[in-house]
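[1] here is a sequence together with a model predicted from it:
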Amino acid sequence: MFNQSCCCTLGPLFHMGWYHLFYQYNPYAPVWGNMSWGHSVSKDMINWYELPVAMVPTEWYDIEGVLSGSTTVLPNGQIFALYTGNANDFSQLQCKAVPVNLSDPLLIEWVKYDDNPILYTPPGIGLMDYRDPSTVWTGPDGKHRMIMGSKRGNTGMVLVYHTTDYTNYELLDEPLHSVPNTDMWECVDFYPVSLTNDSALDMAAYGSGIKHVIKESWEGHGMDWYSIGTYDAINDKWTPDNPELDVGIGLRCDYGKFFASKSLYDPLKKRRITWAYVGESDSVDQDLSRGWATVYNVGRTIVLDRKTGTHLLHWPVEEVESLRYNGQEFKEIKLEPGSVIPLDIGTATQLDIVATFEVDQAALNATSETDDIYGCTTSLGAAQRGSLGPFGLAVLADGTLSELTPVYFYIAKKADGGVSTHFCTDKLRSSLDYDGERVVYGSTVPVLDDEELTMRLLVDHSIVEGFAQGGRTVITSRVYPTKAIYEQAKLFLFNNATGTSVKASLKVWQMASAQIHQYAF
Ligand SMILES: OC[C@H]1O[C@@](CO)(OC[C@@]2(O[C@H]3O[C@H](CO)[C@@H](O)[C@H](O)[C@H]3O)O[C@H](CO)[C@@H](O)[C@@H]2O)[C@@H](O)[C@@H]1O
């Protein structure tokens, strides 16, 4: 957690045994402004050291902000950053910077390129619709490429550039991809995923057995969208597998607070990790009185869900399991319709929970109730009862359930005989004293015939990260309980369905705190 960091998680990189995270950061206040590149490092992605700010606004071309961008590590070990400068007239110009000393594992000092800016807005693009240059990668033809997010009118798009020297960039005539009515695409990310195994691929991977993902962050809406498709590197064009799941209209990386994410190919463990800015959801006044705002999620691996082929799986990095202690197991607890069962686990403010739920198959077949329009976000939350849901866990709840955050499944039988399963987080009663959004987050989650319903929850005081079906649908929430804190925070199982009992089995671990410190020089 960092004093007002905001917006894109910038070019993460791995250098000499350290994971580096750069992020939009205001050194002076917990609100957006004075945008600089904050810098933190970790050896394990769990415990972090905060380093001196890497870049601050100093020049005419970035005096209104050193905005988002990326870093690139070349095969010869050279490193550079590309970023958007918010110029003195607020136009968005692309700039370059390099670390002063490559033999410094911490890459403390950065210097801006003398001939910045290296790119001006192309004709036909708004001066403020042109930002967040990506990591540079090399295609199968040996050409080096960089992409940026933009829009024309209301059509969001990814622009593609070629470069031969990593400083001069030539814009291609056609975008990599665009989708009408999706507005400005911020912080675009583009990466390959394997169709054959869970090993991540670095950007150079291309050919059969590979799909490519475009991720964009929807300006002003705090939502990150992704789509899986095929990249034609010869023509620098990308096509979605399913036009109904195109970028910005189909699937989200997370259905809660998770914005402006950026991924890293981790060369050490051959995996792709993503981080995003998990903003506060109470008022700016609260940010000011706390003196800080915004956290980052525990790093999440990304792989293609090879069972559905339609989804990605976002899952907490394995390192987080090193924080687990005092694991307790609960087996086959029967939850009758309308039941709420406290789980005796002691303090319940920092938890890792893995739970499975088994619905009575006879009840599922027998129910005559159908609901074709159920949706988490339009529902009344966990209080809305149906024949086959909701059931799940209430976290950060006080003993009287005056405050609680239910995370649950809701199965809706459809008129055509099929079912849709929804994964939701209900923030309507998370806090008795709260001046922010009171909403229900969530979406549908595919559940295949041979699968149980499973969820994993990471609970950490004001953050609840929920992962359904191995990470097919993910919800990150910020909640601000006033009573359900420290020793008063409890964990409950519940089944608010009217027509089925549910069997729950779960393992719950207490979680030690991660260490976040200033680096001692
Ligand atoms: O920090 C800038 C980077 O953040 C991104 C993605 O989140 O753009 C956000 C954006 O909005 C910020 O500035 C607004 C004032 O201009 C402010 O109202 C808003 O709350 C902020 O998040 O930043 C740019 C530049 O101002 C603006 O066009 C965006 O909407 C990313 O695209 C930027 O690189």
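    Structure received. All values derive from a computational prediction rather than experimental measurement.

[2] got the residues of this protein near the ligand?
    6-8, 24, 32, 35, 67-68, 84, 86, 128, 131-132, 186-187, 217, 219, 260 (C-beta under 6 Å from any ligand atom). The C-beta positions use only the backbone N, C-alpha and C, and glycine is treated the same way.

[3] closest residue of the stretch 251-400 of the chain to the ligand?
    Among all residues of the stretch 251-400 of the chain, Ala260 sits closest to the ligand, at 4.3 Å; criterion: C-beta to the nearest ligand atom.

[4] tell me which element that residue is part of?
    Ala260 belongs to strand 259-266 when assigned by DSSP states H and E.

[5] can I get the CA coordinates of that strand in CSV?
    Listed next in CSV are the C-alpha coordinates belonging to strand 259-266 (Å, rounded to 0.1, in the frame of the first residue of the first chain):
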residue,chain,number,x,y,z
PHE,A,259,-8.1,-1.1,-12.5
ALA,A,260,-5.3,-0.2,-14.9
SER,A,261,-3.6,-3.5,-14.5
LYS,A,262,-0.3,-4.4,-16.1
SER,A,263,1.3,-7.8,-16.5
LEU,A,264,4.9,-9.1,-16.2
TYR,A,265,6.4,-12.1,-17.8
ASP,A,266,8.4,-13.5,-14.8
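
[6] the helix or strand following that strand packs against which elements?
    With elements assigned by DSSP H and E, the helix or strand that comes after strand 259-266 is strand 271-278. With contacts defined as 3 or more C-beta pairs under 8 Å, 6 or more residues apart in numbering; DSSP states H and E, strand 271-278 has these neighbours: strand 5-15, strand 18-25, strand 185-194, strand 259-266, strand 295-296, strand 300-304.

[7] tell me the SS of Tyr325?
    strand (DSSP: H, G, I helix; E, B strand; the rest coil).

[8] shouldn't it be in contact with Ser513?
    No. Shown here, Tyr325 and Ser513 do not form a contact pair, counting by C-beta atoms under 8 Å, at 11.4 Å.

[9] count of neighbours near the residue nearest to Ala383 when sequence neighbours are not counted?
    Distances taken as C-beta to C-beta, 6 or more residues apart in numbering put Asn496 closest to Ala383, at 7.3 Å, once the chain neighbours are dropped. Applying other C-beta atoms under 10 Å, we find 22 residues neighbouring Asn496.

[10] okay, now the closest residue to Lys414 other than its chain neighbours: neighbour count?
    Distances taken as C-beta to C-beta, 6+ apart put Asp372 closest to Lys414, at 5.3 Å, once the chain neighbours are dropped. By other C-beta under 10 Å, 11 other residues sit near Asp372.

[11] avg pLDDT for stretch 400-410?
    On average, the pLDDT along stretch 400-410 is 98.

[12] ok, now stretch 68-87?
    97.

[13] distance across that stretch, terminal residue to terminal residue?
    13 Å (C-alpha to C-alpha, to the nearest Å).

[14] pull out the buried residues from that stretch.
    For stretch 68-87, the neighbour count (16 or more other C-beta atoms under 10 Å) marks 68-73, 79-87 as buried.

[15] out of those, who's nearest the ligand?
    For those, the nearest to the ligand is Ser68 (3.2 Å; C-beta to the nearest ligand atom).

[16] what helix or strand does that closest one sit in?
    strand 66-73.

[17] so what strands line up beside that strand?
    strand 79-86 (antiparallel) (DSSP bridges).

[18] give me the next element, helix or strand, following the partner strand.
    strand 92-99.

[19] where do the strands sit along the stretch 301-450 of the chain?
    Counting by DSSP state E, counting those that start in this stretch, one finds strands in the stretch 301-450 of the chain at the ranges 312-316, 324-335, 339-343, 350-359, 391-397, 405-413, 419-426, 440-444.

[20] what is the longest one packed up against?
    The helices and strands touching strand 324-335, judged by 3+ C-beta pairs under 8 Å, 6+ apart, are strand 339-343, strand 490-495, strand 502-511.

[21] can you list the ones you listed in CSV and add mean pLDDT and distance to Leu201?
    Output for these, formatted as CSV (pLDDT from 0 to 100; distance: least, C-beta to C-beta, whole Å):
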stretch, mean pLDDT, distance to Leu201
strand 339-343, 98, 41
strand 490-495, 98, 39
strand 502-511, 98, 31
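
[22] now these as a markdown table including mean neighbour count?
    Output for those, formatted as a markdown table (neighbours: other C-beta atoms under 10 Å):
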| stretch | mean neighbour count |
| --- | --- |
| strand 339-343 | 16 |
| strand 490-495 | 23 |
| strand 502-511 | 20 |
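
[23] quick one, what contacts the residue in the stretch 151-300 of the chain that the ligand sits nearest to?
    Nearest residue of the stretch 151-300 of the chain to the ligand (C-beta to the nearest ligand atom) works out as Glu186 at 3.6 Å. Applying C-beta atoms under 8 Å, 6 or more residues apart in numbering, we find Glu186 in contact with 7-8, 68, 131-132, 149, 216-219, 260.

[24] for it, give its distance to Leu176.
    Distance check for Glu186 against Leu176: by C-beta to C-beta, to the nearest Å, it reads 15 Å.

[25] quick one: contacts of stretch 507-516?
    1, 40, 46-50, 320, 323-330, 343, 345-347, 350-355, 458-460, 491.

[26] before we move on, back to that, most widely separated two among the buried residues of stretch 68-87?
    Val73 and Ala87 (27.7 Å; C-beta to C-beta).

[27] ok so, going back, what angle separates the strand holding Ala260 from strand 185-194?
    Comparing the axes of strand 259-266 and strand 185-194 via axes from the mean of the first three to the mean of the last three C-alpha atoms, to 10 degrees yields an angle of 40 degrees.

[28] my reading is that Tyr103 lies in a helix. Confirm?
    Slight slip there: residue 103 is Ser, not Tyr. No. Ser103 is assigned coil when assessed by three-state DSSP, not a helix.

[29] so what pLDDT did it get?
    97.

[30] what's the burial count for it?
    Neighbourhood size, Ser103 [other C-beta under 10 Å]: 8.

[31] same question, Ser322
    13.

[32] I figured it hits Ile46, correct?
    Yes. Using C-beta under 8 Å, Ser322 is in contact with Ile46, at 6.7 Å.

[33] tell me the angle the strand holding Ser68 makes with strand 92-99.
    Counting by the same axes, to 10 degrees, strand 66-73 lies at 50 degrees to strand 92-99.

[34] low-confidence ranges, this protein, go.
    1-9 (pLDDT under 70).

[35] ok, now which ones touch the residue lying farthest from the centre of it?
    In terms of distance from the mean C-alpha position of the chain, Ala366 ranks first, at 38.3 Å (C-alpha atoms, centre = their mean). Ala366 sits next to Gly499 when contact means C-beta under 8 Å, 6+ apart.

[36] how far does stretch 321-341 sit from its chain's centre?
    26 Å (C-alpha atoms, centre = their mean, to the nearest Å).

[37] how far does that stretch stretch from start to finish?
    End-to-end span of stretch 321-341 (C-alpha to C-alpha): 26 Å.

[38] make residue 1 into 12 and carry on from there
    Yes, from this point I'll number from 12; that puts the last item at stretch 332-352.

[39] give the buried residues for that stretch.
    For stretch 332-352, the buried set under the neighbour-count rule, 16+ other C-beta under 10 Å, comprises 334, 341, 344, 346, 348, 350.

[40] make TSV from the strands of the stretch 312-461 of the chain and add distance to Ser102 to it.
    Converted to TSV, the strands of the stretch 312-461 of the chain look like this (distance: least, C-beta to C-beta, whole Å):
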stretch	distance to Ser102
strand 323-327	35
strand 335-346	49
strand 350-354	55
strand 361-370	45
strand 402-408	44
strand 416-424	43
strand 430-437	39
strand 451-455	36
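
[41] which of those has the highest mean neighbour count?
    strand 402-408 (a mean of 27; mean count of other C-beta atoms under 10 Å).

[42] chain center to it: distance?
    Strand 402-408 sits 22 Å away from the centroid of its parent chain (C-alpha atoms, centre = their mean).
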